[in-house]
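Quick one, what's the 3D model for this:
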Amino acid sequence: MRGRLLGALALACGAVCALAGPALAAQEVFVRVDQVGYGALSPKRAYLMSNFDEVGAPFTVADEHGAVVFSGTVGAAAGSWSKTFPDVYALDFDGLQASGRYTLAVGGAVSPPFAIDAPGALYAAPLANALSFYENERDGPEYVPSPLRDAPAHLNDESATTYSTPKANRNGGFKGDLHSLGTTIDASGGWWDAGDYLKFVQTTSYTVDLMLTGVRDFPALMGAGAPSSQSLAGESRFGLEWLLRMFDAETGTLYYQVGIGEGNRTTAGDHDIWRLPQADDGFGGEDPLYRYIRRRPVFRAGAPGAPISPNLAGRDAAAFGLCFQVFHTSDPSLAGRCLQAGERIFALAETKHKGRLLTAIPFGFYPEREWRDDLELGATELALALRSAGGTPPPGLAHTEPGFYLAEAATWAREYVKHAKRNSETLNLYDVSGLAHYELVRAMRALGNPSGLAIDETGLLANLRAQLQAAQAQAGRDPSGFGFPWAAADTASHGDGLAVMASEYDSLSGETAFAADAARWLGNVLGANAWGVSMVIGDGSVFPRCPSHQVANLAGSLDGSAPVLAGGVVEGPSDEASSGEVEGMRACPPAGGDEYGRFDGGGSVFADNVESFTTTEPAIDLTASSMLAFAWQAGTPAALP
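A predicted model of the protein is given here:
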C-alpha cells in the first residue's frame, strides 16, 4: 500500500496532483455519493474511485462546520471500472444517523455535500421538482407559467386533422404526403414526450399509470394530503384528460400520436427545427414545408371498433382504472367516464397479437416487444376500480364484478411469466410487470384470494424475486453496485424502476430482503456512479447542465444555475453518445469539451452535451418511476381504497 504522503498531496475534490519523480504516476481520487442524501436509518454507501491502492486508507465524514462525526477505513476494492480507474471501493457509514449536511473525505478528495435526514424531509424537494418538470412539459392552453414557460403552445391541436399511419423508414421519414381521414379531434393538452414536442399515448399512459399509483398509495407525499408543491393529483388528472380525448369510447377509436418526428423533401417534422413551442402555431407563415408543424397530424390506431394493439389497450385501461380508484369520490363524473373508457378499450385489445406492436411512428422511437404485462396491469386496475365502487358501479358497464377482471389479470400474468423471458426487463416503459405483479397480489388479497386463478400469489412473488435476484447478480459485477448494465439505454429509469420493485417485493413479503438494494440503486441514479452526476436535473449539486431539451436549452441556463428543468430524469449513461446540431440550438457546454469522458468505462459513456440525446434527454416516461422511488423511500403505502 502506498504511503499517506500521496493522499496529502492530492488536491481537494479529486483534482489531479502531479507527484515528484518521473517514475510516479499522477494520483487521481474521486468520491461519489448519493447527492440527495440518505435516510437517517437507511444504509449509507459512497464510492471511492482511484488509480492507486487505497486499502487501509482512512476516510472521514464531516458536518457543515468541519467537525468530523464519523471515521472509517477503506476495505478491499469492490472491482475495477476502467484502465484510468482500476480500483473502486465501497465506503459504508451506516452508523451515522444524525440529521445534517455532510461531506466525505478520503485521500485528499472531498465529496459533494449530501444530507442525512428523515426520509419524508429528504425526498420532499425531489417530489416537488418532479411536479415542476411535468408542469413545464404541459402542452396546450393550460400551461403553467414558470421561469421556463411564458406562453401556451400548440393551440391548433384543439382542432387537429386525423390521418392514417404512413409507411415510414426506421427514422420516421415517409414518402409522398399523409392520407387524411377527413375528421378532426381535440388533441390539445397532454405533455410533450421528451425534449421535442411530440405526444404519444405509449409514453403518456405509462406515465399516468405510475403517477396515479403514487397519488393513490402515498397520499401524504403525492396525493390529496401532500403539500401543494408536491401533490401530483392535479397533474395526473391533466394527463388523464388528454388520454380520454385520444380515445373515443363510443366508437372504439384510438388515436395514438400527435405530430411527426421526421419529415421528407416536401414537409418538415418536429425534429428538423429547434424552437420554443409557442412558435409552432404560426411557424413559417404560409410556407407549405412547415404545414405539419403549424397543423400537427393526429394518427389513428385503426378503424372504429378494430382490435387495438394490446400494449396500448392494456396501459390505457390501467390508467382509466386507476382514475376511478383515485377520483370516484371527489369527481364521480370523471371517474365514470374513465371506467367506461377503460372497459371499452380493454375489450378491444388484440389478445392474439403477433408481429410488431404499435407504439409510435417510427417503431424505433419506442421498440416495445412485450405486451402481456400491459394487459395484466390493465385488468388488475379495472378489478380494483370495481372493488372500490363498493357495489354501486357507474351505469353502462359491460362487467360489474371485479372477479371477472381479476381472472383476466391472472391469466395474462401467467402468460407473461411463461413467454416473456427473452423480452422481460425490470420496471420501465417497455415492461410494467414490476408494477403489475405487485398490484395483482394486492388485488388478490383485497378480493379474498379466490381459488381457481391462472396464477397464485406465490408465482407472482417468485417472478418478482427472480427479476430482483438477476439485478443483484448484475450489481455484483459492477463496482458501484448498480443493478442494470450502464452500457445499455434508459439506465437512469431502470435504476429507479429497480428501486421501486425492491420496495414492492419487501412490502408484499413482509421482509427486508431488498431494502439495501433499493436505497443503493436509487443512490446510483442520484450521483453514486462513476461520473459523480445525479441523473435527475436539479436533484443534488452536480447534475446535467446541458439537457437535450429545447425549452431547457433556449429558456434555461447553460451552467446549472436557475432556471433549470428541475425534476427531469435524463436517459443516463449509455453505450453511445450522440451528436448533431440543429439550427437555433445554443451550444452547451458553451466552450465545448467532454467533462465526463475520462470517467467512461465498461463500454458505457456519459456526455453532458445538448446534442447527446442518448445520455442527456429528459422524458416523461423516464421521470415517472423516480416519483415512486422517492415515495417508497419516504413512506409506506396506504390501504387500497
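
ok, now how distant is residue 545 from residue 607?
According to CB to CB, to the nearest Å, residue 545 and residue 607 sit 12 Å apart. Quick note: C-beta positions are derived from backbone N, CA and C, even for glycine.

out of those two, which sits in the busier spot?
residue 607 (26 against 23; other CB atoms under 10 Å).

Pull the contacting residues for the more buried one.
Each residue near residue 607 by CB atoms under 8 Å, 6 or more residues apart in numbering is listed here: 577, 594, 596-597, 615-616.

Over to residue 54?
Contacts of residue 54 (CB under 8 Å, 6+ apart): 1, 29, 48, 74, 77, 87, 89, 106-107.

try 7 Å this time
By CB atoms under 7 Å, 6 or more residues apart in numbering, the residues touching residue 54 are 48, 74, 87, 89, 107.

Check residue 230 too.
Shown in contact with residue 230 (CB under 7 Å, 6+ apart): 124, 127-128, 131, 221-222.

Would you mind checking the contacts of residue 607 for buried ones?
577, 596, 615-616 (16 or more other CB atoms under 10 Å).

element containing residue 440, please.
Here residue 440, judged by DSSP states H and E, is contained in helix 433-446.

thinking again about what came up before, next step: the contacts of residue 230 restricted to helices.
Mapping those onto helices (DSSP state H) picks out 124, 127-128, 131.

Just name the closest of those to residue 524, please.
Using CB to CB, residue 127 is the member of the ones in helices among the contacts of residue 230 that sits closest to residue 524, with 19.2 Å.

Okay, the closest one and residue 536: tell me how far apart.
Per CB to CB, residue 127 is found 11 Å from residue 536.

Outline the domain layout of this structure.
Following automatic domain parsing, one finds the domains of the chain at 4-117, 158-484.

ranking those by burial, who's on top?
domain 158-484 (a mean of 20; mean count of other CB atoms under 10 Å).

Now do it: distance to the chain's middle.
14 Å (CA atoms, centre = their mean, to the nearest Å).

measure that domain end to end?
One end of domain 158-484 to the other measures 41 Å (CA to CA, to the nearest Å).

who's in contact with the nearest residue to residue 527 once chain neighbours are set aside?
Once flanking residues are discounted, residue 527 sits nearest to residue 35: 3.8 Å by CB to CB, 6 or more residues apart in numbering. By CB under 7 Å, 6+ apart, the residues touching residue 35 are 112, 114, 526-527, 534, 540-542.

Mind checking which of the residues you listed are buried?
Neighbour-count burial (16+ other CB under 10 Å) applied to the contacts of residue 35 gives 112, 114, 526-527, 534, 540, 542.

can I get those residues in JSON lines with distance to residue 303 and pLDDT?
Listed next are the buried ones among the contacts of residue 35 as JSON lines, based on distance: CB to CB, whole Å; pLDDT from 0 to 100:
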{"residue": "112", "distance to residue 303": "55", "pLDDT": "98"}
{"residue": "114", "distance to residue 303": "55", "pLDDT": "98"}
{"residue": "526", "distance to residue 303": "47", "pLDDT": "98"}
{"residue": "527", "distance to residue 303": "50", "pLDDT": "98"}
{"residue": "534", "distance to residue 303": "47", "pLDDT": "98"}
{"residue": "540", "distance to residue 303": "49", "pLDDT": "97"}
{"residue": "542", "distance to residue 303": "51", "pLDDT": "98"}
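
of those residues, closest to residue 139?
Residue 139 has its nearest neighbour among the buried ones among the contacts of residue 35 in residue 534, at 26.9 Å by CB to CB.

close enough to count as contact, that closest one and residue 543?
Yes. Counting by CB atoms under 7 Å, residue 543 is a contact partner of residue 534 at 4.5 Å.

The stretch 101-250 of the chain: helices as residue ranges?
Applying DSSP state H, counting those that start in this stretch to the stretch 101-250 of the chain gives helices spanning 119-122, 124-136, 201-217, 233-245.

Mean pLDDT and distance to residue 294 added to those, as JSON lines?
Shown next, in JSON lines, are these (pLDDT from 0 to 100; distance: least, CB to CB, whole Å):
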{"stretch": "helix 119-122", "mean pLDDT": "96", "distance to residue 294": "46"}
{"stretch": "helix 124-136", "mean pLDDT": "98", "distance to residue 294": "23"}
{"stretch": "helix 201-217", "mean pLDDT": "98", "distance to residue 294": "23"}
{"stretch": "helix 233-245", "mean pLDDT": "98", "distance to residue 294": "20"}
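
Relative to residue 406, tell me which of those helices wins on proximity.
Closest to residue 406 of the helices of the stretch 101-250 of the chain is helix 201-217 (CB to CB; 17.7 Å).

tell me the angle of that closest one relative to helix 124-136?
140 degrees (axes from the mean of the first three to the mean of the last three CA atoms, to 10 degrees).

Residue 137: what's it in contact with?
Shown in contact with residue 137 (CB under 7 Å, 6+ apart): 191-192, 620.

Residue 494 too?
Counting by CB under 7 Å, 6+ apart, residue 494 touches 426, 428, 484.

Pull out the buried positions in the host helix or strand of residue 551.
Taking DSSP H and E as the definition, residue 551 sits inside helix 550-555. Along helix 550-555, these residues count as buried under the neighbour rule (16+ other CB under 10 Å): 550-553, 555.

for it, the distance to its chain's centre please.
What separates the centre of helix 550-555 from the centre of its chain is 20 Å, taken as CA atoms, centre = their mean.

And stretch 516-536, by the same measure?
Stretch 516-536 sits 14 Å away from the centroid of its parent chain (CA atoms, centre = their mean).

Also stretch 152-161?
Per CA atoms, centre = their mean, the displacement of stretch 152-161 from the mean C-alpha position of its chain is 27 Å.

now do the same end-to-end measure for that stretch.
20 Å.

Quick one: mean pLDDT over that stretch.
With pLDDT averaged residue by residue, stretch 152-161 scores 98.
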